[in-house]
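Peer 1: Make a model of this:
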Amino acid sequence: MDGQGWQEGFLRLFRYIAENRDICLCALDSLGHEYLKGIFGADIKRQMALENGFPEDAEREELTTRFLTIAAGGVLEGWLRGELTQTPEELTRQVDEIVQDYIRGVALRLKEPATTRR
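Peer 2: Modelled structure (predicted):
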């Protein structure tokens, strides 16, 4: 999957939800957050793997994946419940920027000499 894969999926999901908001609210309330997190987890993990220099530490990778997955799910849920007013395109772009900034920041930090890291 290329770097644009998860963004396109995120945008398609927003558009579907926009067209089926009431049904999706019912599904979210009955399926719960675990289902929503499952939608994003694999794609975020793939995106992290594409970034050169991302830590291979399994524990750190799992925590980072869960953190970003929960955040993306929270954005989607907030939008679905009317707490966020941006368009699906705006949210997808903003979430992409945040995820990319985070992943690049980790990669840059790991390239620093170990003595300068906290």
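Peer 1: going forward, measure contacts between C-alpha atoms and count neighbours the same way
Peer 2: OK.
Peer 1: mind listing what's buried in the helix or strand where residue 22 lies?
Peer 2: Per DSSP states H and E: residue 22 is located in helix 21-31. Across helix 21-31, burial judged by 16 or more other CA atoms under 10 Å covers 24, 28.
Peer 1: Same check on stretch 87-106?
Peer 2: Buried-residue list, stretch 87-106, by 16+ other CA under 10 Å: 88-89, 91-92, 95-96, 99-100, 103-104.
Peer 1: Quick check: mean pLDDT of that stretch?
Peer 2: Computed over stretch 87-106, the mean pLDDT rounds to 86.
Peer 1: repeat for stretch 18-33
Peer 2: On average, stretch 18-33 scores 77.
Peer 1: Nearest spatial neighbour of residue 79, chain-adjacent residues omitted?
Peer 2: Leaving out its chain neighbours, the residue that sits closest to residue 79 by CA to CA, 6 or more residues apart in numbering is residue 85, at 6.7 Å.
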